[in-house]
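Participant: just need the structure, nothing else, for what follows:
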Amino acid sequence: FIRCKHGLTRVEYLLPQLEPILKDTYGVILYQEQVMKIASTLAAYSLGEADILRRAMGKKNPEVMAQQRSRFMQGARQNSIPEAKAAQIFDLMEKFAGYGFNKSHAAAYAVLAYQTAYLKALYAAEYMAALMTGVMDNTDKIALYIDDCAANNGIKVLPPDVNKSYGGFVVERNMIRYGMAAIKNVGFAAAEEIVRARKEFGDFADIFDFCEKVNLRSITSKTIESLVKAGAFDGVLASRARTFAAVPAAMKKAESAQKDKEMGQFSLFEKDEGKNELPDAPEWSEREMLGYEKEVLGSYISSHPLARYEKLLQSVAQRVADITNPEKREPGEVIIGGVIQNLKKEITKAGEKFKFDIEDLSGKVRVIANEKAAEGKRHLFTENLMLMVRGRLSYYEDFPYVSLDSVITLDEAYKILGKFLHIVFREIGFDEAIVHQLDNLFKEYPGDREVIFHIITNDNREMVAEIGAGTKIDINEELLQKTENIVGRGNMRLSWKKE
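Facilitator: Residues are numbered from 1 along each chain as shown. Okay, here's the model as predicted:
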């Protein structure tokens, strides 16, 4: 189409009768009106019949399409159209149904697509911020767009901050600041009150200062707790756990002060009433902290719980995005690793059944564990726990799911699946200095796991060399990261057997 439009390719028509119909679109069928006109001109369809053909192509009903092909071919024969040409044209019309719209619809979408593509190409941060602000009630879409920001546009999404965020997503130094209204239990009314108080009284010093400055008729305890869980108070340099524990006391003190103010009362010793101390509270573990983030934001912002298992997953697991790719649809045995989400337990006639999503860094897939598969493993089916799952990928209609065969934690996976570390070298780039670097590195991580070198010769043969018994190692994420830095990405893998 584009080459014809710019005169780089000559426009050709299968039949002369098609030229007046397809001239404006350079010989390509683009609009539904063109399908109807072709049917009318070549096969003597009435306008009513042509509309039925248009609808049939849109719905792709095989029986109706077979009837329409027969009707089209019969009409074309009566108009002396060669049978081969008529069949070819009908095939093109049928193919068009996969992308065609009526002209007014297509033109409007084309303008919109051009405008949004222009904005995303030249003002990517502003465009993505506006896009996420427009879907703030849909955490799944926000999570999808945040991934798109990082993966395809190189835009960092900053966590929410009571001293910097607004209701919607905003651009901040070519990055995007998370909008407070998108946090669960917050919403626009509360976000606007926080921004108002900040503008009127200045930045918030801590949770006590925050509660004193905002109107607590607009801000509930649940709102403040969700802000803490989202990391919106991290900028005041206090731990999330202690800030969360201080919410009741901070609200009680602020409510009392606000009530006194409304009644015209004040304390002569107001400035000497003592410092606001955060209560002692055990720190949240990384799993707890990130789990709370996921709960109120729908995605992980400050980090990802799988980040410290990245090399393990790359080495022994398949990416969820790859096994669920709709273009592949390859049922079979899979090994995946990730975080448990959306856990549900069902009691059936066959016994207990667990259903949950396994989410890795690329996507998520449904996992189903029946009574037999769950036996002895029920303690592992816990929200936000990180697991390695082996099972069979199947499809229910168009939805992929994995039937679980076995499961272990990711920490166990290092011991069970990581018995051997394989490192691949190319003879052409083999350097004793690299081996010396690896030897020094391995001495820092003594253990009971073996290292095997695979040297690919210049004539594409493989030589295998086992490192001596004195160089056994402890396999962990830190070692794998440092090893990759030396040998390069894609040149190492783990296995549970020697191969």
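
Participant: which element, helix or strand, includes residue 464?
Facilitator: strand 462-466 (DSSP states H and E).

Participant: again, but for residue 343
Facilitator: Using DSSP H and E, residue 343 sits in strand 332-348.

Participant: still on that earlier bit, so what touches whichever helix or strand comes after the strand holding residue 464?
Facilitator: Later in the chain than strand 462-466, the nearest helix or strand by DSSP H and E is strand 473. Contacting residues not belonging to strand 473 are listed as 421, 442, 445, 446, 447, 449, 451, 479 [Cβ atoms under 8 Å, 6 or more residues apart in numbering]. Where C-beta positions appear, they are placed from N, C-alpha and C, glycine not excepted.

Participant: on that earlier part again, contact partners of the strand holding residue 464?
Facilitator: 450, 451, 452, 453, 454, 455, 456, 457.

Participant: which of these are buried, as a ChimeraX select command?
Facilitator: This is the ChimeraX syntax for the buried subset of those, where burial follows 16 or more other Cβ atoms under 10 Å:
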select :450,451,452,453,454,456
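
Participant: what's the closest of the contacts of strand 462-466 to residue 144?
Facilitator: Distance to residue 144 across the contacts of strand 462-466 (Cβ to Cβ) is lowest for residue 454, with 38.8 Å.

Participant: name the element the nearest residue to residue 219 once chain neighbours are set aside belongs to?
Facilitator: Of all residues not flanking residue 219 in the chain, residue 190 sits nearest, at 5.5 Å (Cβ to Cβ, 6 or more residues apart in numbering). Using DSSP H and E, residue 190 sits in helix 187-201.

Participant: list the buried ones in that helix?
Facilitator: Across helix 187-201, burial judged by 16+ other Cβ under 10 Å covers 187, 190, 191, 193, 194, 195, 197, 198.

Participant: I'd say the fourth one and residue 220 touch.
Facilitator: No - Residue 193 is not in contact with residue 220 according to Cβ atoms under 8 Å; the separation is 11.1 Å.

Participant: show me the longest helix that occurs in the protein.
Facilitator: helix 240-262 (DSSP state H).

Participant: how far does that one sit from its chain's centre?
Facilitator: 37 Å (Cα atoms, centre = their mean, to the nearest Å).

Participant: let me see the contact set for residue 289.
Facilitator: Residue 289 touches 240, 302, counting by Cβ under 8 Å, 6+ apart.

Participant: quick check, it in a strand?
Facilitator: No - counting by DSSP: H, G, I helix; E, B strand; the rest coil, residue 289 is not found in a strand; it is helix.

Participant: quick check: the gap between it and residue 384.
Facilitator: Separation of residue 289 from residue 384 (Cβ to Cβ, to the nearest Å): 11 Å.

Participant: what does residue 207 give?
Facilitator: For residue 207, the distance to residue 384 - Cβ to Cβ - is 25 Å.

Participant: for residue 387, give me its contacts.
Facilitator: If you count contacts by Cβ under 8 Å, 6+ apart, then residue 387 has 337, 338, 340, 358, 380, 407, 408, 409, 410 around it.

Participant: the third one: neighbouring residues, count only.
Facilitator: Put plainly, it is residue 340. Residues lying near residue 340 (other Cβ atoms under 10 Å) number 21.

Participant: contacts only, for it.
Facilitator: By Cβ under 8 Å, 6+ apart, the residues touching residue 340 are 356, 357, 358, 381, 382, 383, 384, 385, 386, 387.

Participant: now, the residues you listed that are in strands?
Facilitator: Secondary structure defined by DSSP state E assigns 356, 357, 358, 386, 387 of these to strands.

Participant: from the residues you listed, pick the one nearest residue 314.
Facilitator: residue 386 (15.0 Å).

Participant: which residues does the closest one bridge with?
Facilitator: Beta-bridge partners recorded for residue 386 (DSSP bridges): residue 339.

Participant: what about the strands in the stretch 351-499 of the chain?
Facilitator: Assigned by DSSP state E, counting those that start in this stretch, the strands in the stretch 351-499 of the chain fall at 351-359, 364-369, 386-396, 399-409, 420-426, 446-456, 462-466, 473, 492-495.

Participant: centre-most residue in this protein?
Facilitator: For the chain, the residue nearest the mean C-alpha position is residue 144 (4.5 Å; Cα atoms, centre = their mean).

Participant: that residue: helix or strand, and which one exactly?
Facilitator: helix 139-153.

Participant: what does that helix rub up against?
Facilitator: With Cβ under 8 Å, 6+ apart, helix 139-153 has contacts from 120, 124-125, 128, 131-132, 135-136, 155-157, 176, 182, 184, 297-299, 301.

Participant: what about 10 Å?
Facilitator: 120-121, 124-125, 127-129, 131-136, 138, 155-157, 169, 175-176, 178-179, 182-184, 294-301, 359, 361-363 (Cβ atoms under 10 Å, 6 or more residues apart in numbering).

Participant: now the buried members of the residues you listed.
Facilitator: Looking at the contacts of helix 139-153 with 16+ other Cβ under 10 Å, the buried ones turn out to be 120, 124-125, 127-129, 131-133, 136, 155, 157, 169, 176, 178-179, 182-183, 294, 296-301, 359, 361-363.

Participant: in stretch 143-159, what counts as buried?
Facilitator: Of the residues in stretch 143-159, those buried (16+ other Cβ under 10 Å) are 143, 144, 145, 146, 148, 149, 153, 155, 157, 158, 159.

Participant: may I have it exported as CSV, CA atoms only?
Facilitator: In CSV, the C-alpha atoms belonging to stretch 143-159 read as follows (Å, rounded to 0.1, in the frame of the first residue of the first chain):
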residue,chain,number,x,y,z
ALA,A,143,0.8,-3.0,35.6
LEU,A,144,0.9,-3.7,31.8
TYR,A,145,1.7,-0.1,31.0
ILE,A,146,4.4,0.0,33.7
ASP,A,147,6.1,-3.0,32.1
ASP,A,148,5.8,-1.3,28.7
CYS,A,149,7.5,1.8,30.1
ALA,A,150,10.5,-0.2,31.3
ALA,A,151,10.8,-2.8,28.5
ASN,A,152,10.0,-0.8,25.4
ASN,A,153,10.5,2.9,26.3
GLY,A,154,13.3,2.9,28.9
ILE,A,155,11.1,5.0,31.2
LYS,A,156,11.4,4.5,35.0
VAL,A,157,8.2,4.6,37.0
LEU,A,158,8.9,6.2,40.4
PRO,A,159,7.0,5.0,43.5
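
Participant: relative to strand 420-426, how tilted is the worst-scoring helix or strand of the chain on mean pLDDT?
Facilitator: Lowest by mean pLDDT, DSSP states H and E among the helices and strands of the chain is strand 462-466, with a mean of 81. Per axes from the mean of the first three to the mean of the last three Cα atoms, to 10 degrees, the angle that strand 462-466 makes with strand 420-426 is 140 degrees.

Participant: got the angle for strand 462-466 vs strand 446-456?
Facilitator: 160 degrees.

Participant: ok, strand 462-466: who's next to it in the sheet?
Facilitator: Assessed with DSSP bridges, strand 462-466 is paired to strand 446-456 (antiparallel).

Participant: distance of residue 106 from residue 119?
Facilitator: 20 Å.

Participant: okay, now the unreliable bits of the stretch 151-300 of the chain?
Facilitator: Residue ranges of the stretch 151-300 of the chain with pLDDT under 70: 264-275.

Participant: next, give phi and psi for the closest residue to residue 86 other than its chain neighbours.
Facilitator: Computed as Cβ to Cβ, 6+ apart, the closest residue to residue 86 that is not its neighbour in sequence is residue 76, at 3.7 Å. The phi/psi pair for residue 76 (degrees, to the nearest 10) reads phi -60, psi -40.
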